[in-house]
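Asker: Here's my sequence, what's the structure:
(chains A and B)
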Amino acid sequence: MTTPTTTGPLAETTLLRFATAGSVDDGKSTLVGRLLHDSKSVLTDQLEAVAHASRNRGQDTPDLALLTDGLRAEREQGITIDVAYRYFATPRRRFILADTPGHVQYTRNMVTGASTADLAIILVDARNGVVEQTLRHAAVTALLRVPHVVLAVNKMDLVGYGEREFERIVEEFAGHAAASGLPGFTPIPVSALVGDNVVQRSTRMDWYRGPALLDFLERVPAGVEAADAPARFPVQYVIRHGDARYYAGQLASGTLRVGDRVTVHPSGATSEITGIDALGTPVQAAYAPQSVSVRLADQRDVARGDLITSGVDVPALTQEVRAAVCHLTDRPLRVGDRVLVRHTTRTVQAVVKDLGGAAELTANDLGRIALRTAEPLALDDYAVSRRTGALLLIDPADGTTLTAGMVAL
Amino acid sequence: MNPFTLSHLDALESEAVHIFREVAGEFERPVILFSGGKDSIVMLHLALKAFTPAAVPFSLLHVDTGHNFPEVLDHRDRTVEHHGLRLHIASVQDYIDRGTLRERPDGTRNPLQTLPLTEKIQTERFDAVFGGGRRDEEKARAKERVFSLRDEFSQWDPRRQRPELWNLYNGRHAPGEHVRVFPLSNWTELDVWQYIAREAIALPDIYFAHEREVFQRAGMWLTAGEWGGPKDSETVEKRQVRYRTVGDMSCTGAVDSDADSIEKVIVEIAASRLTERGATRADDKMSEAAMEDRKREGYF
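Answerer: Next up, the predicted model:
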């Protein structure tokens, strides 16, 4: 919805995907509005549209939440239905923000937003501190293995910009974060309404030595984790050209090099990489998440759904799948249900064997699940790879996406 | 830069290529919406790279409103011929001539595209239709999925959208239904231009500043021509302009500009205080939910 601003027209910048999590009244819309507004990512015609719509509703000042509520039902009912994606840029970096609503449907929406995020912002109201919702946000962020977490303590203007109030909340959150498995977090005291520490450093909190939120977003490392992991290359499509076969796909994790010995799963066949093509350019090595195609020394029967790996660190080949899940739809999931399991580029039939003792899972439920699949899947633990450890359960009858799963071997 | 970190353009390119290949792997009869405009030209460029050294395994489809810019149609046809592709055309003019569609009082033909598009999808049994829509364009688009399921009437129901997680796209659909696919979802106008510059992609000339006969209607500079302008009360002027979007001549406005190269266009966009659609699209100004309503009916 926004056209980014940049100083160097063709500057090499990187992309950071992040998600926001917040409860209903803790100021998430204001924070997002402030971030877009103060980074000069909201353009004149958008502001005019918001001002016009606000006047039609009898409001004197533009309601920045209208920037983010896009659908008729949302505007009419004043609710947010779904994840929206927003785009902005600074000279250092491009940002994709998964803006997830804080209403009833929030768990599945937060899971959706967090699934692709490099970073999550967990927002708390400085007056209320850590509340039950905060713990849920921390749990979902940990479950989805979002690499970086910011605890944004908002509304500092309403607690006199007090250091002790901030520190108390940070300490309390740290206890819960450790318990829920969050690797670490960066606390930042902000006032979204006034603009303290969002884009500009605040002059009202001399005691705070850290960066403003945007400054942190610009500097945090993005996308490095996947390239460090073992090499995983799901075959998407076989490109045939003359007698040659090119196995096309996007590297899910790790690095592939010409000359690497590789294994194709689930067949277990081995071969050697004789060439890598990076969208028309021959290269010696490819890194996640590059889309490339590879050629192998032997003309193998390799097809969509196969997984190519290199090195000794190979995935588990199994028909017994255990996963942590978030149920996404209103249709409940029950033991004995037949489902389709989508894993990387492979889709197989499966039956639900166990729901961790629960009778059923309903929308927004988090749970644990055991499946038996009709064919073996080459699985990694989600803790090892967010790509080859991720699953979707799909209703075979009508294609509905039922459940998101994170493999727990 | 860390060697493991892709630049933002490489990351967007890689994601778009992944989407094209997913569709090739999962669908029977995909088609790329191709108008000769910059977004569809970038889409086609990405599709060519995704399947190199083989040919693109999709045909192309253009919904011709009958009021398209001749330079753009010319570019469209040359591109199709150059790559040896097959182009389907759904013609709004044919529908008007047959009396199936009626000209609107305001003369704009953009809303008339929906019927020819959806009927073509049905008669050709396309099951995946690539569009160049970007989520940054409009508020309703910000909520659009990469894989957007449409029913047998091509309708979009925002409440029925499938959640989309990781890079696992669910393309399941019943017979008669199809999926609209948006590989440029995460791109912005500036990304598109930066990519055009990096890849040296050829565009129709009207994207660059040139002298043109235009007249003003509803605050926009429209190209004078046989499509229905100017009216008696409107006067033609020669101005130095360029187009930020190209579509139906009746509702796509030019902007005053002296950006006659890709580099200058990028500088101009980066400094602009108006969005692409806000500056140049009359039909989106019709109501707060104009885009959403058209999408519900089957538009992109």
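
Asker: Show the subsequent helix or strand relative to the lowest-mean-pLDDT helix or strand in chain A.
Answerer: Of all helical and strand segments in chain A, the minimum by mean pLDDT, DSSP states H and E falls on helix A:72-77, at a mean of 51. Per DSSP states H and E, helix A:72-77 leads on to strand A:84-89 as the next helix or strand towards the C-terminus.

Asker: May I ask which helix or strand of chain B has the lowest mean pLDDT?
Answerer: Lowest-scoring helix/strand for chain B, mean pLDDT, DSSP H and E: helix B:276-280, at a mean of 66.

Asker: Could you chop the chain up by domain?
Answerer: With no chain named, the answer covers chain A. A:15-222, A:226-310, A:316-407 (automatic domain parsing).

Asker: nope, chain B please
Answerer: Domain assignment for chain B, taken from the TED database, gives B:8-191+B:289-297, B:204-285.

Asker: avg pLDDT for the first one?
Answerer: Looking at domain B:8-191+B:289-297 alone, the average pLDDT works out to 92.

Asker: How far off centre is it?
Answerer: Taking Cα atoms, centre = their mean, to the nearest Å, one finds domain B:8-191+B:289-297 lying 7 Å from the centre of the chain it belongs to.

Asker: For it, measure first residue to last.
Answerer: 34 Å (Cα to Cα, to the nearest Å).

Asker: Output the longest helix belonging to the chain.
Answerer: Here I'm looking at chain A. Longest helix in chain A by number of residues (criterion: DSSP state H): helix A:163-180.

Asker: The intended chain is chain B.
Answerer: Under DSSP H, chain B gives helix B:8-26 as its longest helix.

Asker: give the contact list for A:Leu402.
Answerer: Counting by Cβ atoms under 8 Å, 6 or more residues apart in numbering or on different chains, A:Leu402 touches A:His327, A:Leu328, A:Thr329, A:Arg331, A:Leu333, A:Val339, A:Leu392, A:Leu393, A:Ile394, A:Asp395. Yep, even glycine has a C-beta here, placed from its N, CA and C like the rest.

Asker: which of the residues you listed are close to chain B?
Answerer: Intersecting the contacts of A:Leu402 with the contacts of chain B gives A:Leu328, A:Leu392, A:Ile394 (criterion: Cβ under 8 Å from any Cβ of the partner chain).

Asker: tell me the secondary structure for B:Pro163?
Answerer: Recorded secondary structure, B:Pro163: coil (DSSP: H, G, I helix; E, B strand; the rest coil).

Asker: Quick one: neighbours of it, just the number.
Answerer: Neighbour count for B:Pro163, taken as other Cβ atoms under 10 Å in any protein chain shown: 24.

Asker: pretty sure it is touching A:Thr400, no?
Answerer: No: with contacts counted by Cβ atoms under 8 Å, B:Pro163 stays clear of A:Thr400, the gap being 10.0 Å.

Asker: Show me where the stretch 201-300 of chain B dips below the pLDDT cut-off.
Answerer: For the stretch 201-300 of chain B, applying pLDDT under 70 flags the ranges B:277-291, B:299-300.

Asker: Do a quick rundown of the strands in it.
Answerer: Assigned by DSSP state E, counting those that start in this stretch, the stretch 201-300 of chain B shows strands spanning B:210-217, B:220-223, B:236-243, B:254-256.

Asker: any idea which of those strands is most buried?
Answerer: strand B:220-223 (a mean of 20; mean count of other Cβ atoms under 10 Å in any protein chain shown).

Asker: List the contacts of that one.
Answerer: So strand B:220-223 is in contact with B:69, B:212-216, B:229-230, B:239, B:241, B:249-250, B:252-256, B:280, B:282, going by Cβ under 8 Å, 6+ apart.

Asker: Stretch B:146-164 now?
Answerer: So stretch B:146-164 is in contact with A:71, A:73, A:81-82, A:108-109, A:112, A:328, A:399-401, A:404, B:19, B:114, B:117-118, B:121-122, B:140, B:143-145, B:169-171, B:173, B:176-183, B:185, B:292, B:295-298, going by Cβ under 8 Å, 6+ apart.

Asker: Just the buried positions in it, please.
Answerer: Neighbour-count burial for stretch B:146-164, counted by 16 or more other Cβ atoms under 10 Å in any protein chain shown, picks out B:Val146, B:Phe147, B:Ser148, B:Leu149, B:Arg150, B:Ser154, B:Trp156, B:Pro158, B:Gln161, B:Arg162, B:Pro163, B:Glu164.

Asker: For the domains of chain A, please prepare JSON lines with the additional fields distance to B:Ser272.
Answerer: Shown next, in JSON lines, are the domains of chain A (distance: least, Cβ to Cβ, whole Å):
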{"stretch": "domain A:15-222", "distance to B:Ser272": "7"}
{"stretch": "domain A:226-310", "distance to B:Ser272": "30"}
{"stretch": "domain A:316-407", "distance to B:Ser272": "37"}
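
Asker: Could you say which one of these comes nearest to B:Ala55?
Answerer: Of all those, domain A:226-310 sits nearest to B:Ala55, with 9.1 Å by Cβ to Cβ.

Asker: mind checking how far that closest one is from the chain centre?
Answerer: So, by Cα atoms, centre = their mean, the centroid of domain A:226-310 is 25 Å from its chain's centroid.

Asker: mind listing what A:Lys353 touches?
Answerer: A:Val335, A:Ala370, A:Leu371, A:Arg372.

Asker: Buried ones among those residues?
Answerer: A:Leu371.

Asker: for the contacts of A:Lys353, which one is nearest chain B?
Answerer: A:Leu371 (15.9 Å; Cβ to the nearest Cβ).

Asker: How much space separates the closest one from B:Tyr169?
Answerer: The gap separating A:Leu371 from B:Tyr169 is 21 Å, by Cβ to Cβ, to the nearest Å.

Asker: And B:Ala24, by the same measure?
Answerer: Going from B:Ala24 to B:Tyr169 by Cβ to Cβ gives 12 Å.

Asker: What residues does B:His88 make contact with?
Answerer: B:His88 touches B:Val31, B:Ser59, B:Leu60, B:Leu61, B:His62, B:Lys120, B:Glu124, counting by Cβ under 8 Å, 6+ apart.

Asker: Could you rerun that using 10 Å?
Answerer: B:Val31, B:Phe34, B:Ser59, B:Leu60, B:Leu61, B:His62, B:Val63, B:Lys120, B:Ile121, B:Thr123, B:Glu124, B:Phe126 (Cβ atoms under 10 Å, 6 or more residues apart in numbering or on different chains).
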